[in-house]
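Asks: Sequence below, structure please.
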Amino acid sequence: MINPAFLSGALAISGPGPSLLAVDGGGAVQVFMVNTAVFGAMVDISGLTIQNGFSAGQGGAVFNSNTSGTTTFTDVAMRNNSAGGFGGAIFNSSGTLVLKGVTVEGNSAIFGGGIINVGTMSLTNVTLSDNAARGGGAIYNIAAMTLINATLSGNSASMAGFGGGILNGGTLRLKNTIVANSLSGSDCAPVAGALLSDGYNLDSDGSCALGAASDLPNTNPLLGPLADNGGPTMTHALMDGSPAIDAGSPDCPPPATDQRGVARPQDGNGDGASACDIGAYEVTVQSVTVPIDIKPGSFPNSVNPRSRGVVPVAILTTPDFDATMVDSVTVGFGPSRAAPVHVAIEYADGDDLPDMVLHFRTEQTGIQCGDTSAALAGKTFDGTAFEGSDSINTAGCK
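Replies: I've put the predicted structure just below:
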């Protein structure tokens, strides 16, 4: 590019995808300048990468001054952009700027290495990673900004205490958001204004002063590296055992998907209940189906929901599944996911393969009169999720 793309009215730019189309500033020019005072002007840009933009002043990739309208970026990557002043990738001067499914990576500026906001901004399913500045490595907010299901990781501020992740001088609201692993400068830093938690957030060093009971301050989110985890843009996956898995707000969805387009919610921790994850990434568990036998050796499998006794359930070994490798502490049975009270290795189905037989207190299973089947789920020691079900005949219900 020789000059910035100057956008002065309602416009839609739809690319084939960030991996297929890159708009490159060549390290010499700002890529997009949105400057319109047209009332209600909608500028929509999607499906591309904005890279190597440069501004000696503000907004290496994007300068937004859509005074009376809304500018929206969807499924866009912004990487390796820089500014000599503010906003390595984005300078939002005025109007409303919306980011959805966007990754802001490897950008730099004096303040606001990734983004500086002086207008109104909303970020949903957005990842900010490896951005750097003297202050506000990922974000410097001076006005009004909302982050929902965002992940900020690996950002840095060279000035101590000036927010490797976020430098806030306005009103900033966080929900279902991770701010973590800042390489320098702390995760969050207040200058003025208010950083408000709407709950279900996580920060790794406690500097964001998260105040909601559902927040997870001083918590390691166990993030994977920024990588192609599927979907149009790069993300940080939640690793096995992450406290962010299934820890999102109960009113999620929305958003209906994560940054990659994976449906929310999922049962990421395999406990039988689906819940949204904190951050831009939603964990999915691929579960294998295994044979189980409720009350081995009997048919029909009669269960009295009002019984104070126990009901045995066998997980059967097959040529493709070794039941002896089941981690029994992960197993739950019935609608209430009852935990086993006794576990043994037995030959439950008469073949030469050892099976695992678990006993559950009937009253803890959640089985109700009229139920015709019951399910069991858990994980093996190597983390493989499994599930199985068998027919039942409820008794003692009159």
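Asks: Stretch 113-126 spans what distance, first to last residue?
Replies: End-to-end distance for stretch 113-126: 15 Å, by C-alpha to C-alpha, to the nearest Å.
Asks: quick check, distance from it to the centre of its chain.
Replies: 18 Å (C-alpha atoms, centre = their mean, to the nearest Å).
Asks: what do you get for stretch 92-101?
Replies: 21 Å.
Asks: for the record, mean pLDDT for it?
Replies: Mean pLDDT, computed over stretch 92-101, is 94.
Asks: just the strands in the stretch 251-398 of the chain please.
Replies: Per DSSP state E, counting those that start in this stretch, the stretch 251-398 of the chain carries strands over the ranges 287-289, 292-294, 302-303, 310-315, 326-333, 342-346, 355-361, 373-380, 385-391, 393-394.
Asks: quick one, the fourth one and strand 326-333 angle?
Replies: It refers to strand 310-315. 130 degrees (axes from the mean of the first three to the mean of the last three C-alpha atoms, to 10 degrees).
Asks: so what strands line up beside strand 310-315?
Replies: strand 292-294 (antiparallel), strand 355-361 (antiparallel) (DSSP bridges).
Asks: Would you mind extracting the C-alpha trace of it into PDB?
Replies: Extracted in PDB, the C-alpha atoms of strand 310-315 (Å, rounded to 0.1, in the frame of the first residue of the first chain):
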ATOM      1  CA  VAL A 310     -27.000 -49.400  46.200                       C
ATOM      2  CA  VAL A 311     -27.200 -50.200  42.500                       C
ATOM      3  CA  PRO A 312     -24.200 -51.900  40.800                       C
ATOM      4  CA  VAL A 313     -23.100 -50.800  37.300                       C
ATOM      5  CA  ALA A 314     -20.500 -52.600  35.300                       C
ATOM      6  CA  ILE A 315     -18.300 -50.800  32.700                       C
END
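Asks: which outside residues touch it?
Replies: 290-296, 303, 323, 326, 331, 333, 341-342, 346, 348-349, 355-362, 365, 376, 388, 390 (C-beta atoms under 8 Å, 6 or more residues apart in numbering). Placement of C-beta: from N, CA and C, glycine included.
Asks: Show me which residues of it are buried.
Replies: Going by neighbour count (16 or more other C-beta atoms under 10 Å), the buried part of strand 310-315 is V310, V311, P312, V313, A314, I315.
Asks: pLDDT value on the closest residue to Q368 other than its chain neighbours, please?
Replies: Computed as C-beta to C-beta, 6 or more residues apart in numbering, the closest residue to Q368 that is not its neighbour in sequence is P305, at 5.9 Å. On pLDDT, P305 comes in at 92.
Asks: got it, and D382?
Replies: 84.
Asks: residues touching it, list them.
Replies: Under the contact definition (C-beta under 8 Å, 6+ apart), the residues listed for D382 are M325.
Asks: Please report the distance of it from P319.
Replies: 17 Å (C-beta to C-beta, to the nearest Å).
Asks: just C252 next, same as before
Replies: Going from C252 to P319 by C-beta to C-beta gives 40 Å.
Asks: Mind checking which of those two has more residues around it?
Replies: C252 (20 against 6; other C-beta atoms under 10 Å).
Asks: Next up, the contacts around that one.
Replies: Residues in contact with C252 (C-beta under 8 Å, 6+ apart) are N149, N176, R264, P265, A275, C276.
Asks: ok, which pair from the residues you listed is furthest apart?
Replies: Pairwise distances across the contacts of C252 peak at 12.9 Å for N149 and A275 (criterion: C-beta to C-beta).
Asks: So for these two, which residues contact both of them?
Replies: With C-beta under 8 Å, 6+ apart, N149 and A275 have common neighbours G248, C252.
Asks: Nearest to T171, out of the strands paired with strand 310-315?
Replies: strand 355-361 (50.4 Å).
Asks: Just give me how far the closest one sits from the chain centre.
Replies: For strand 355-361, the distance to the chain centre is 35 Å (C-alpha atoms, centre = their mean).
Asks: Repeat that for stretch 64-77.
Replies: 23 Å.
Asks: Could you dump the strands of the stretch 251-398 of the chain into TSV with distance to A192 added?
Replies: Shown next, in TSV, are these (distance: least, C-beta to C-beta, whole Å):
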stretch	distance to A192
strand 287-289	49
strand 292-294	59
strand 302-303	62
strand 310-315	59
strand 326-333	47
strand 342-346	58
strand 355-361	56
strand 373-380	48
strand 385-391	47
strand 393-394	63
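Asks: Which one of those has the poorest average confidence?
Replies: strand 287-289 (a mean of 87).
Asks: Just the residues contacting it, thanks.
Replies: Residues from elsewhere that reach strand 287-289, judged by C-beta under 8 Å, 6+ apart: G270, F321, A377, T384, A385, F386, E387, G388.
Asks: what's near enough to touch the first one?
Replies: The neighbourhood of G270, defined by C-beta under 8 Å, 6+ apart, consists of V285, S287, T330, A377, G378, K379, A385.
Asks: Would you mind confirming that the fifth one makes contact with G332?
Replies: Yes. With contact defined as C-beta atoms under 8 Å, G378 reaches G332; the gap is 6.7 Å.
Asks: who has more neighbours, those two?
Replies: The neighbour comparison of G378 against G332 (other C-beta under 10 Å) goes to G378, with 27 against 22.
Asks: in the sheet, who's paired with the more buried one?
Replies: F386.
Asks: and if you look at L174?
Replies: Counting by DSSP bridges, the residues bridging with L174 are L147, S197.
Asks: Look at the residue lying closest to G309 once chain neighbours are set aside and report its pLDDT.
Replies: Leaving out its chain neighbours, the residue that sits closest to G309 by C-beta to C-beta, 6+ apart is T362, at 5.8 Å. You'll see T362 listed with a pLDDT of 95.
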